[in-house]
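> Sequence and predicted structure below; questions after.
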2 protein chains.
Amino acid sequence: PPGRKVLIVYAHQEPKSLNGSLKRVAVEELSKQGCSVMVSDLYEMQFEPRARRNDIVGCLHNSEEFNYGLETWKAYQRGGLSSDLIEEQKKVQEADLLIFQFPLYWFSMPAIMKGWMDRVLVQGFAYEFPNCYDSGLLKNKLALFSFTTGGSKEAYAKGSISGDIRYLLWPMQHGIMHFCGVRVLAPHICFAPEHVSEEKRKEMLIAWAQRLKTLWKEEPINCSPEWYFK
Amino acid sequence: PPGRKVLIVYAHQEPKSLNGSLKRVAVEELSKQGCSVMVSDLYEMQFEPRARRNDIVGCLHNSEEFNYGLETWKAYQRGGLSSDLIEEQKKVQEADLLIFQFPLYWFSMPAIMKGWMDRVLVQGFAYEFPNCYDSGLLKNKLALFSFTTGGSKEAYAKGSISGDIRYLLWPMQHGIMHFCGVRVLAPHICFAPEHVSEEKRKEMLIAWAQRLKTLWKEEPINCSPEWYFK
């Protein structure tokens, strides 16, 4: 609906990929709805994934023994995080919905996107004890993981060797998003696009656009172990 | 035992950290046993986590549409991967045991280590269809995930909000290591070292050294959904 803000965090090297098309479809459809859409195109930005000393501007709280979590927490409080992190945090703060668009790499997100999680969602900004999970600092936001797989839908069925696809969503949806208070919409998964016809891939894009039309009416999933492992 | 080769893939910025100490303890104890120990100190090496065009030397198989998985597979076959990847693959090839030493970041490994997985374990080297899982190309090797957590042991118990710690091991142990044919030893977990006394931290180091003394007699875990989600 008009006025809603969406941040798409996108991790693919190739604009012509299905991931690239899924991202474009989301930008188009959400813009058409009157949403304002921001995109963090991580490879294009050459986003830094490593959690390092340079993320803190100026002096350290404890320069004797470097503790990344502690230092970024203190730096956040005094406005001393590096500018690329402040930039991303501003986008997150503004957004009502975060969409993560990526190809599944090794049962998880690509390192460049894991680095975005590691570096942007610092203590003080995304959570603060005891404010985590349902009272996390990013509550009132929604997140949606939209990704492509190498394996087929059957390969990710319960009882198959790769296990239920939900097993691998636990660290991302629960361990990261729910921890920060973000409510999670059902994932959007395009299975094995490299092994289907061009026509099937077009259908995947249409299905994504269709889902986005009624996205704001969706209820978040029940982010508990039962949803993942029942 | 003499002659065994171990690769420690280590991801911490601070040598004085508990992770740094755990790494040193492993190098010392395993060397004492007569093993030859290699260390990939990822932050020290400034290891690149991003999966990019530069990982392929020379021409692409398909320069019209960049597909990282396809291109690294083809490049591996013709010896055309970048030298940092070839270097890491040699170490993996030589090793009987891979130890991953890291602080848990967001229910998973730090991005710099995820990047090591994304970039080093390419198709053709680590797996090749249908050679995956029990017939993966790195069979006859062992892996062990050794990590520290922010949360307490109680926080990662079944039924608690963060869920059983085993839930988050699934993508790492099963989705990556088992997929490549590597058998997995029980994880070694130091819970919440930042919230215990110096004495307790010393006990953690002693316990790790103790475990390493009889490590080669351990049986791998049964890497099936039952182990993780029972």
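Yes, it's here.

> For the rest of this, base every contact and every neighbour count on C-alpha atoms.
Fine.

> Dig out what the residue nearest the centre of chain A forms beta bridges with.
Centroid check for chain A by CA atoms, centre = their mean gives A:Phe100 as the closest residue, at 3.6 Å. According to DSSP bridges, the residues that bridge with A:Phe100 are A:Val9, A:Phe145.

> For stretch A:44-57, list every residue counted as buried.
By 16 or more other CA atoms under 10 Å in any protein chain shown, the buried positions in stretch A:44-57 come out as A:Phe47, A:Glu48, A:Pro49, A:Arg50, A:Ala51, A:Arg52, A:Arg53, A:Asp55, A:Ile56.

> Grab the nearest non-local neighbour of the third one.
Okay, so that is A:Pro49. A:Gly115 (3.7 Å; CA to CA, 6 or more residues apart in numbering or on different chains).

> give me the number of residues near that neighbour?
A:Gly115 is flanked by 26 other residues according to other CA atoms under 10 Å in any protein chain shown.

> Am I right that it sits in a helix?
Yes: A:Gly115: assigned to a helix according to DSSP: H, G, I helix; E, B strand; the rest coil.

> Could you verify my assumption that it touches A:Gln46?
No: assessed by CA atoms under 8 Å, A:Gly115 is found out of contact with A:Gln46, at 11.6 Å.

> so does the helix or strand hosting A:Leu169 get close to chain B?
Assigned by DSSP states H and E, A:Leu169 belongs to helix A:165-169. Yes: applying CA under 8 Å from any CA of the partner chain, one finds helix A:165-169 touching chain B at A:Tyr167, A:Leu168.

> what element comes up after that helix heading to the C-terminus?
strand A:183-184.

> in its sheet, what does the following helix or strand past that next one sit against?
Of the helices and strands lying after strand A:183-184 in sequence (DSSP H and E), the nearest is strand A:188-190. The pairing partners recorded for strand A:188-190 under DSSP bridges are strand A:142-148 (parallel).

> which outside residues touch the strand it pairs with?
For strand A:142-148, the external contacting residues (CA atoms under 8 Å, 6 or more residues apart in numbering or on different chains) are A:19, A:96-104, A:173, A:177, A:182-193, A:220.

> at 6 Å instead, please
The contact list for strand A:142-148 (CA atoms under 6 Å, 6 or more residues apart in numbering or on different chains) reads A:97-104, A:182-185, A:187-191.

> I'd like the average pLDDT over it.
Averaged over strand A:142-148, pLDDT sits at 98.

> Over to stretch A:116-126?
In this model, stretch A:116-126 has an average pLDDT of 98.

> And stretch A:179-199, by the same measure?
pLDDT averaged over stretch A:179-199 gives 97.

> for stretch A:34-45, same thing?
98.

> Residues of chain A that sit close to chain B?
Taking CA under 6 Å from any CA of the partner chain as the contact definition, chain A meets chain B at A:14, A:49-50, A:66, A:106-107, A:111-112, A:114-115, A:168, A:171, A:175-176.

> of all those, which comes closest to B:Trp208?
A:Phe66 (22.8 Å; CA to CA).

> How many residues are close by that closest one?
19.

> Disregarding flanking residues, what is the spatial nearest neighbour of it?
B:Glu14 (5.6 Å).

> helix/strand/coil for the one you found?
Assignment for B:Glu14 (three-state DSSP): coil.

> Tell me the confidence at it?
98.

> ok, it to A:Ile161 distance?
B:Glu14 sits 38 Å away from A:Ile161, going by CA to CA, to the nearest Å.

> The residues of chain A next to chain B, buried ones only, as a ChimeraX selection?
Of these, the buried ones go into a single ChimeraX selection, burial set by 16+ other CA under 10 Å:
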select /A:14,49,50,66,106,107,111,112,114,115,168,171,175,176
